[in-house]
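K.L.:
Dropping the sequence and predicted coords here.
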Amino acid sequence: MHPQYQDDNRMGAASLSAGVVLLLILAVLAVTLGFARLPDALLELGVVAIGLFLAVSARIYQAREQHLALCRALERLRSPPRSP
């Protein structure tokens with residue numbers, strides 16, 4: 001197997017765990033139900049809260065991508081140089 005494909009298979013294990021996915025799904029349900037039950041006076045606050053929720057979710061995804069990139073870079077440093 002080509003070394004690049006081995007790296008990709010190994011890095012796939014660093015994806016979001018089932019627990020994180022479950023918590024994100026529960027959070028989406030909580031935000032949806034909470035926003036639906038807001039009175040009109042608090043609607044603007046609800047929009048801000050949803051924006052905050054989306055920002056935190058995006059940061060979780062971004063951290064995963066950065067973690068995978070760091071693992072790839074460290075793996076390249078650890079592996080011996082390939083001769084041509």
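P.N.:
Perfect, I can see it now.
K.L.:
Does the most centrally placed residue in the chain fall in a helix, a strand, or a coil region?
P.N.:
Nearest to the mean C-alpha position of the chain, by CA atoms, centre = their mean, lies residue 61 at 2.1 Å. Counting by DSSP: H, G, I helix; E, B strand; the rest coil, the backbone at residue 61 sits in helix.
K.L.:
How much space separates it from residue 33?
P.N.:
23 Å (CB to CB, to the nearest Å). Using the backbone N, CA and C atoms, a C-beta is placed for each residue, glycine as well.
K.L.:
do residue 48 as well
P.N.:
Residue 48 sits 17 Å away from residue 33, going by CB to CB.
K.L.:
Repeat that for residue 49.
P.N.:
The gap separating residue 49 from residue 33 is 12 Å, by CB to CB.
K.L.:
ok, which stretches of this structure are helices?
P.N.:
Taking DSSP state H as the test, the helices found in the chain are 3-11, 18-36, 43-78.
K.L.:
Serialize those to TSV and add fields for mean pLDDT.
P.N.:
Below are the helices of the chain laid out as TSV (pLDDT from 0 to 100):
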stretch	mean pLDDT
helix 3-11	49
helix 18-36	81
helix 43-78	85
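K.L.:
got a list of what the nearest residue to residue 34 once chain neighbours are set aside touches?
P.N.:
With CB to CB, 6 or more residues apart in numbering as the criterion, residue 34 has its nearest non-adjacent residue at 7.2 Å, and that residue is residue 46. By CB atoms under 8 Å, 6 or more residues apart in numbering, residue 46 lies in contact with 34-35, 38.
K.L.:
let's see it at 10 Å
P.N.:
Counting by CB atoms under 10 Å, 6 or more residues apart in numbering, residue 46 touches 31, 34-39.
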